[in-house]
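*Asks:* Structure of the sequence below:
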Amino acid sequence: MTLQIRLENSSDVPLEVEGVTPCAVAEKSLDEIRRVTIFEGNRRVELGDFFSVEGDPSDLRLEWEGELAGVHWIGAKLSRGQVHIRGSAGRHVGSEMTGGEIHIHGNAGDWVGAEMSNGLIHVHGDAGHLVGAAYRGSTRGMRGGSLLVDGRVGNELGHTLRRGLIAVGGDAGDLVGFNMLAGTILVFGESGIRHGAGMRRGTLGFFSNPPELLPTFRKGCTFQPPTMPLILRHLNQLGFDAAERHIDAQYDLYHGDLIEGGRGEILIRA
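*Replies:* Numbers count the residues shown, from 1 in each chain. I've put the predicted structure just below:
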């Protein structure tokens, strides 16, 4: 039976639940889990002060339920197992995770999957700014894994992305792939401005109306990259519905950012 953690008592300040992962609680009793330390603002409290805890933690599946927009760091540093969030979640979901799966059946805040290195995050709604990004001052953002958002995202998607796959079914804000080092980011809705600024390698793909590109990108050709159908079929297998109708598409290829050597690429559906 799945371990179910439901928010029962709300707070006027953020609740931080970093460390409450399937592996961390798998061998604990329910009473021990209720006594796990979390934070209400800067105050140490017990998980059971705000959440009910029921079920069996041994199968490495954890479900969070309730209005969780003020609950942050859910699934942070997840290494294995599954986390399901029934409702909207706060900031830093899946931050620095190294494995496992997180499914958010609602919206999420900023910093989803920040600096994650493996695993799968699927947001079945919208997400905030800096999805899959590097924390301020860090030299690398997301390092691997797959991060899917069915809805919209904010600014700086994939900031300093090092490796991995990010796909957004809805609209994105400004500065997609800013300072990107490598990896793949695909946006299937509309998007803002200044995408790929400072990118060194990697691929940005845009499947809706062509965004205005920086003058430091130059058009190469129109073609179908042999890897793109494989990536789109993989996304379709993961339940990302926006990918299927683009499998046979052609793309305009742009090279850049020329200020950083021009080894990155932006693909815009022709």
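*Asks:* remind me, longest helix of the protein?
*Replies:* Ranked by number of residues, the top helix in the chain under DSSP state H is helix 228-237.
*Asks:* Just checking: what are the partner strands of the helix or strand just after it?
*Replies:* Counting by DSSP states H and E, the element after helix 228-237 in chain order, helix or strand, is strand 251-256. Applying DSSP bridges, strand 251-256 is found paired with strand 218-223 (antiparallel), strand 264-269 (antiparallel).
*Asks:* got the angle for strand 251-256 vs helix 228-237?
*Replies:* Counting by axes from the mean of the first three to the mean of the last three Cα atoms, to 10 degrees, strand 251-256 points 100 degrees away from the direction of helix 228-237.
*Asks:* Show me what strand 251-256 is in contact with.
*Replies:* Residues outside strand 251-256 that contact it (Cβ atoms under 8 Å, 6 or more residues apart in numbering) are 196, 199, 205, 210, 213-214, 216-225, 228, 262-270. For glycine as for every other residue, the C-beta is placed from the backbone atoms N, C-alpha and C.
*Asks:* Emit the PyMOL select command for whichever of those are buried.
*Replies:* Applying 16 or more other Cβ atoms under 10 Å to those leaves a buried subset, and the PyMOL line that selects it is:
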select buried, resi 196+199+205+213+214+216+217+225+228+262+264+265+266+267+268+269
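*Asks:* Show me what Glu101 is bridged to.
*Replies:* Beta bridges link Glu101 to Gln82, Leu120 when assigned by DSSP bridges.
*Asks:* For it, which residues are in contact?
*Replies:* Counting by Cβ under 8 Å, 6+ apart, Glu101 touches Gly81, Gln82, Val83, Gly119, Leu120, Ile121, His122.
*Asks:* Around the second one, how many other residues sit close by?
*Replies:* The local packing count at Gln82 equals 19, with neighbours defined by other Cβ atoms under 10 Å.
*Asks:* Can you give me the pLDDT of it?
*Replies:* With respect to pLDDT, Gln82 scores 97.
*Asks:* didn't it look like it was pressed against Arg61?
*Replies:* Yes: the pair Gln82 / Arg61 is scored as a contact, 4.7 Å apart, by Cβ atoms under 8 Å.
*Asks:* Now the common contact residues for those two.
*Replies:* Common neighbours of Gln82 and Arg61, using Cβ under 8 Å, 6+ apart, are Pro22.
*Asks:* and the closest residue to Val36 other than its chain neighbours, how many residues sit next to it?
*Replies:* For Val36, ignoring the flanking residues on the chain, the nearest one in space by Cβ to Cβ, 6 or more residues apart in numbering is Leu47 at 4.6 Å. Residues lying near Leu47 (other Cβ under 10 Å) number 21.
*Asks:* show me what contacts Leu47?
*Replies:* Leu47 makes contacts with Ile5, Val17, Val20, Ile33, Arg34, Arg35, Val36, Thr37, Ile38, Val53, as judged by Cβ under 8 Å, 6+ apart.
*Asks:* Name the helix or strand for the fourth one, please.
*Replies:* Counting by DSSP H and E, the secondary-structure element that holds Ile33 is helix 30-34.
*Asks:* Centroid-wise, who is the farthest residue in the protein?
*Replies:* Distance from the C-alpha centroid of the chain peaks at Asp31, with 32.0 Å (Cα atoms, centre = their mean).
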